[in-house]
Structures are given as structure tokens and as C-alpha cells.
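Undergrad: Model the following, please.
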Amino acid sequence: MSYDFYYWFIMSAAFIITNGLGVGLMLKTQKLLLSTLVSFIVNLAIFVVASIWWASLFEGFARMFGLFGFGVAFVNIEVLLFFGLFIMKKKSTPPV
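TA: Modelled structure (predicted):
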């Protein structure tokens, strides 16, 4: 298997794990802050470990390109998850 496969697998796994955990917590607890913080910490842990691994493998442009990609994926996952959780929270509260 190539490093490209591992790279995309890490991004996909981070998306699935983070969103699954965040949505699951939101459905169970209905607490936006808790769901957001727990999913943020899990996502951060995944991408910090992945970034350290990637930086140890490559030098120069390949290293910077890979780390930039991990950074973009981290931010995208968090933004998409937050808006999804926010919509879930908004729909779960009864209108006054």
C-alpha cells in the first residue's frame, strides 16, 4: 500500500469517527457544547498523531503539502460537524 492510501484513509477515518462520535453524543445528551468539545478533542488527537507521522516520513514540499492537507481536512471536519450539530440542536428544541 502506498502512503497516499494511508493519507486518505486517515482523513476518511477522522471524518467518520469524529462525526459519528459528535452526532451520537448529540442524540444522546442534546448538549451542543459537550458534543462539539469531545469531537474536537478526538479530531485533534487523530490529526496531531497523523501530522507527526507524516512529518517523520517526508521532507520539503511533500511534507508541507501533506501537513497543509491535514490542516484543511481538520478545519473542514470541525466546521461541517459544528453546523450539523447546531442544526440538530435547533430542531430538537420545541418552539416557544
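Undergrad: how would you label M11: helix, strand or coil?
TA: helix (DSSP: H, G, I helix; E, B strand; the rest coil).
Undergrad: these two touch, right, it and A73?
TA: Yes: taking contacts as CB atoms under 8 Å, M11 lies within contact range of A73: 4.7 Å. Every C-beta, even on glycine, is put in place using the N, C-alpha and C of the backbone.
Undergrad: where does this protein have low pLDDT?
TA: The chain contains residues with pLDDT under 70 at 93-96.
Undergrad: Check which residues of the longest helix seen in it are buried.
TA: Longest helix in the chain by number of residues (criterion: DSSP state H): helix 61-92. By 16 or more other CB atoms under 10 Å, the buried positions in helix 61-92 come out as G66, L67, F70, A73, F74, I77, E78, L81, F82, L85, M88, K89.
Undergrad: quick check, nearest of the residues you listed to F58?
TA: Nearest to F58, judged by CB to CB, of those is G66 at 6.4 Å.
Undergrad: so that closest one makes contact with F58?
TA: Yes: if you go by CB under 8 Å, G66 and F58 touch, sitting 6.4 Å apart.
Undergrad: rewinding a little: closest to M1 out of the buried residues of helix 61-92?
TA: G66 (16.0 Å).
Undergrad: Let me see the contact set for that closest one.
TA: Neighbour list for G66: Y7, W54, F58 [criterion: CB atoms under 8 Å, 6 or more residues apart in numbering].
Undergrad: Equivalent analysis for L81, please.
TA: T18, N19, G22, V23, T36, S39.
Undergrad: Let's have the contacts of G66 in a markdown table, adding distance to M1.
TA: Shown next, in a markdown table, are the contacts of G66 (distance: CB to CB, whole Å):
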| residue | distance to M1 |
| --- | --- |
| Y7 | 11 |
| W54 | 15 |
| F58 | 16 |
